[in-house]
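In: Just the structure for this:
(2 chains)
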Amino acid sequence: MEYLPQIAFVVVIAVATYLLYKRITQIRKNILLGRKESRTDQRPKRWKTMWLVAFGQKKMFKRIVPAFLHLLIYVGFLVINLEVLEFVIDGLAGTHRIFAPLLGDFYTVLINIFEFLTVGVLVSCIAFLIRRNILKVKRFHSPEMKKWPTLDANLILVIEIILMFAILTMNATDMLIQGQDEHYAQTGKFFFSSFLTPLFEGLNVSTLILIERSAWWFHIVGILAFAVYVTYSKHLHIALAFPNTWYSNLKAKGHMENMPVVTNEVKMMLGMPVEGAENPPTEVARFGAKDVNDLSWVNIMNAYSCTECGRCSSECPANQTGKKLSPRKIMMDTRDRAEEVGASLAKGGKGLEDGKSLLGDYITKEEINACTSCNACVEACPVNIDPLSIILQMRRYVAMEESGSPASWNSMFQNVETNFAPWKFAPTDRFKWAKDVKND
Amino acid sequence: MSENNLSVPTMAEMTAKGETPEVLFWVGCAGSFDDRYKKVTIAFIKILEKVGISYAVLGEEETCTGDPARRAGNEFLFQMQAMANIQVLDGYGVKKIVTACPHCFNTLKNEYPDLGGNYEVIHHSTFLQQLINEGKVKMKGGGEFKGKKITYHDSCYLGRANNIYEAPREVLQALDAELVEMKRCRTKGLCCGAGGAQMFKDAEPGNKEVNIERTEDALATGANIIAAACPFCMTMMRDGVKGKEKEDSVEVLDLAELIAKNEGL
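Out: Predicted structure coming up:
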């Protein structure tokens, strides 16, 4: 019986690890539904980008209030997790606050710092709940934010608040137990949790121990459950922000990815030598993107990294003027479709052949046609997600596979083809402007 | 310099004389065909000729870079255009290109290298800034624009697409005018609504036109002049100003026009 808590702890860790492993493997598979794309050049610049944008949250600070609140949660998350190390050692070894005697007074300082951050996280989460639900910040109430996305966001905040209360309760009761039982590791006073001690005063030691233990278990099981939950949630950005920024597009934002398959065909039409002409690719993939497997794996990783903050859509000129396009929705749809295909394949289902596709069943032509390619969404994203890349690949599919572009674009194509200008002017008139000003 | 006193040499003429210009001026379709933007083309040429820069244009040999076709998804058409243009440019041994169109600029600079066309490409805002910095264009203090309120509308294809934010502003500052910023500027600048081939079709259903939203930003500054550096922005902002019935009090002018006017060209 003595080892029961330790056995229970090992079982909890094992279950969480197994669930996480399974889920991470699945997400990896879903991301790799995308086509290959090499993004490993300029490594020093990639590390620097990750360091500044993900770790340093550089782009968050374009909006100072949420940036500050987010920073509190972020630092809290990073630092409080150090305490989880003690939780794990205690849980496995059957000890209690193993670092307290080792670190002495410094332990008290450390826990007080953790408590300070705990309160910071608490305050921020409450402020975020208020922003979302009472102040109704516009970008949290767009059409794509109905139901699950809103519930998901609120759940995360509420779970974090409960977890923080668990820590404070645990510390408060621990302090009271220490006063009554000298066998307990003496830690000195914890500033913030001592505000909670009046709630528990007058309880006997065994009740206090029960509360303290419950809070301890609640916190550690809560953290593990939260970790599993995160992988099913928009909150996955806490991990994916790092690889996502490392694999950022480092080229000029105005650059559109070239299509070498088209280059080969154009060269053949123009009678120019074609590289690798003797070994043409056996299977020519689709031109442009209709479904998730036509996109690059980076596009799908982008989708999993999206935390649905909506800064992209709030900066989008089309979205601001009431068009259906929302860059955030493009990312959410891409993730949802990758999830759907991945889950189907995992069950031995039809996967991509289920009669549905990203373009058509999730994203409409009306949305992609409304984009001005202005890069405001790309610029706004705090983790360097590129919704524009997906939009432009879909336009390629519509134009080249379906010839389904808007009629005015088809006329424009025709003008470029026959008059070498997007407007219907005769190519021989191109230099007419100089006639009146030329001195001959 | 009077209106009919410009030389406007073509690459063909120069090559026939055995000369090679220092820089090719890529006029672009808007600069060639759009009545309003032709004035920008001519203003820029007046500056080039006043400074005495050795330049040439392609004339009838120039064709669309393919940008609108590519942005609308027609990669074949884009690459056909690009390959044909690269053959012409390489045929003349062109090394350096200047253009007044940010879309041509972006395509020539960032996208032609993928297809084997490598040139030093520079937008006219940067080119003008260099001329001013080098003292080749000497701005008259107390010129026509002294003390006037000018606001600059960032072109997406210069700004976010290519990180050119300061060159156009430095050009404007040289006018001794009062440069006022819109609430959304530089990296946060709002698009005029014409990029990504939107210039060539009607907007999707919504509750407002993008150019009206942007024109409101510009008018809110109280500026009498909206400075643009892109033919599409120029059209959209002019339409916006007309829509707001402010065309009598607010002008939309290109950087080259402002410089040329200030120089009395």
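
In: and residue 71, how many neighbours does it have?
Out: As the question left the chain open, I've gone with chain A. Neighbourhood size, A:L71 [other Cβ atoms under 10 Å in any protein chain shown]: 15. For every residue, glycine as well, the C-beta is placed using N, CA and C.

In: not what I meant, chain B
Out: Neighbours of B:R71 under the rule other Cβ under 10 Å: 24.

In: correct me, but A:E37 touches A:L295?
Out: No - A:E37 sits out of contact with A:L295 when judged by Cβ atoms under 8 Å, with a separation of 9.4 Å.

In: Quick test: name the residue nearest the centre of chain B.
Out: Closest residue to the average C-alpha location of chain B: B:A100 at 2.8 Å, with Cα atoms, centre = their mean.

In: Can you name the residues that contact the closest residue to it other than its chain neighbours?
Out: Using Cβ to Cβ, 6 or more residues apart in numbering or on different chains and skipping the chain neighbours, the partner closest in space to B:A100 is B:H124 (4.3 Å). B:H124 makes contacts with B:44, B:98-100, B:229, B:255-256, as judged by Cβ atoms under 8 Å, 6 or more residues apart in numbering or on different chains.

In: Including secondary structure and pLDDT, could those go into JSON lines?
Out: As requested, these are exported to JSON lines (DSSP: H, G, I helix; E, B strand; the rest coil; pLDDT from 0 to 100):
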{"residue": "B:F44", "secondary structure": "helix", "pLDDT": "97"}
{"residue": "B:V98", "secondary structure": "strand", "pLDDT": "98"}
{"residue": "B:T99", "secondary structure": "strand", "pLDDT": "98"}
{"residue": "B:A100", "secondary structure": "coil", "pLDDT": "97"}
{"residue": "B:A229", "secondary structure": "coil", "pLDDT": "97"}
{"residue": "B:L255", "secondary structure": "helix", "pLDDT": "97"}
{"residue": "B:A256", "secondary structure": "helix", "pLDDT": "97"}
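
In: what comes up buried for the helix or strand bottoming out on mean pLDDT in chain A?
Out: Lowest by mean pLDDT, DSSP states H and E among the helices and strands of chain A is helix A:99-103, with a mean of 88. Neighbour counts over helix A:99-103 (16 or more other Cβ atoms under 10 Å in any protein chain shown) mark A:99-100 as buried.

In: Flag every buried residue along the helix or strand following that helix.
Out: Counting by DSSP states H and E, the next helix or strand C-terminal to helix A:99-103 is helix A:105-133. Within helix A:105-133, the residues that qualify as buried are A:107-108, A:110-112, A:114-115, A:117-122, A:124-125, A:127-128, A:131-132, counting by 16+ other Cβ under 10 Å.

In: can you list the domains in chain A?
Out: Using automatic domain parsing, the domain parsing of chain A gives A:4-31+A:63-246, A:260-273+A:283-419.

In: Sorry, wrong one. I was asking about chain B.
Out: Taking automatic domain parsing as the reference, chain B has its domains at B:11-128, B:139-262.

In: A:E37 and A:L295: which has the busier surroundings?
Out: A:L295 (26 against 12).

In: My understanding was that the more buried one contacts A:T334; is that so?
Out: Yes - contact status for A:L295 versus A:T334: in contact at 7.0 Å, counting by Cβ under 8 Å.

In: quick one, what contacts A:R132?
Out: Each residue near A:R132 by Cβ under 8 Å, 6+ apart is listed here: A:140, A:150, A:153-154, A:157.

In: among those residues, which ones are buried?
Out: A:140, A:153, A:157.

In: Serialize these to TSV and add fields for secondary structure, pLDDT and distance to chain B.
Out: Output for those, formatted as TSV (DSSP: H, G, I helix; E, B strand; the rest coil; pLDDT from 0 to 100; distance: Cβ to the nearest Cβ, whole Å):
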residue	secondary structure	pLDDT	distance to chain B
A:F140	helix	93	20
A:A153	helix	95	25
A:L157	helix	96	28
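
In: need these in CSV with distance to B:E49, can you?
Out: Shown next, in CSV, are these (distance: Cβ to Cβ, whole Å):
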residue, distance to B:E49
A:F140, 56
A:A153, 61
A:L157, 65
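
In: and which of these is nearest to A:S357?
Out: For these, the minimum distance to A:S357 (Cβ to Cβ) is 28.0 Å, reached by A:A153.

In: Roughly how far does the closest residue to that closest one other than its chain neighbours sit from A:E339?
Out: Nearest-residue entry for A:A153: A:R132, 6.3 Å, with adjacent residues in sequence omitted and distances by Cβ to Cβ, 6+ apart. For A:R132, the distance to A:E339 (Cβ to Cβ, to the nearest Å) stands at 24 Å.

In: For burial, what's the neighbour tally of A:R139?
Out: When neighbours are counted by other Cβ under 10 Å, A:R139 registers 17.

In: residues contacting it?
Out: Counted by Cβ under 8 Å, 6+ apart, A:R139 has contacts A:309-311, A:313-314.

In: ditto for A:L199
Out: A:A172.

In: 6 Å - rerun?
Out: By Cβ atoms under 6 Å, 6 or more residues apart in numbering or on different chains, the contact list for A:L199 is empty.

In: ok, which residues in the stretch 301-440 of chain A are in contact with chain B?
Out: Applying Cβ under 6 Å from any Cβ of the partner chain, we find that the stretch 301-440 of chain A lies next to chain B at A:317, A:321-323, A:366, A:369-375, A:379, A:395-396, A:398-399, A:405-406, A:408-409, A:412-413, A:416, A:420-423, A:425, A:430-431, A:433-434, A:437-439.

In: Surely A:A67 is in contact with A:G56?
Out: No - judged on Cβ atoms under 6 Å, A:A67 makes no contact with A:G56 at a distance of 11.3 Å.

In: between the two, which one's more packed in?
Out: Neighbour count, other Cβ under 10 Å: between A:A67 and A:G56, A:A67 has more, with 16 against 11.

In: The more buried one: which element?
Out: Taking DSSP H and E as the definition, one finds A:A67 inside helix A:64-93.

In: any residue of that helix up close to chain B?
Out: No - using Cβ under 6 Å from any Cβ, helix A:64-93 never reaches chain B; the gap is at least 13.7 Å.

In: what about the strands in the stretch 151-300 of chain A?
Out: Counting by DSSP state E, counting those that start in this stretch, the stretch 151-300 of chain A forms no strands at all.

In: Tell me the residues on it that lie near chain B, please.
Out: Within the stretch 151-300 of chain A, the positions adjacent to chain B are A:252-256, A:258-259, A:262-263, A:266, A:270 by Cβ under 6 Å from any Cβ.

In: Just flag the most distant two among those residues.
Out: Pairwise distances across those peak at 29.8 Å for A:K253 and A:L270 (criterion: Cβ to Cβ).

In: right, so of the domains of chain B, which gets closest to A:E144?
Out: Minimum separation from A:E144 across the domains of chain B (Cβ to Cβ) falls at domain B:139-262, 16.2 Å.

In: burial count for A:G271?
Out: 7.

In: do the same with A:I211
Out: If you count neighbours by other Cβ under 10 Å, A:I211 ends up with 20.

In: Tell me, how many residues neighbour the closest residue to it other than its chain neighbours?
Out: Leaving aside its chain neighbours, A:I211 sits nearest to A:T173 (4.8 Å; criterion: Cβ to Cβ, 6+ apart). A:T173 has 26 neighbouring residues, counting by other Cβ under 10 Å.

In: Quick one: distance of the helix holding A:A67 to the chain centre.
Out: Distance of helix A:64-93 from the chain centroid (Cα atoms, centre = their mean, to the nearest Å) equals 19 Å.
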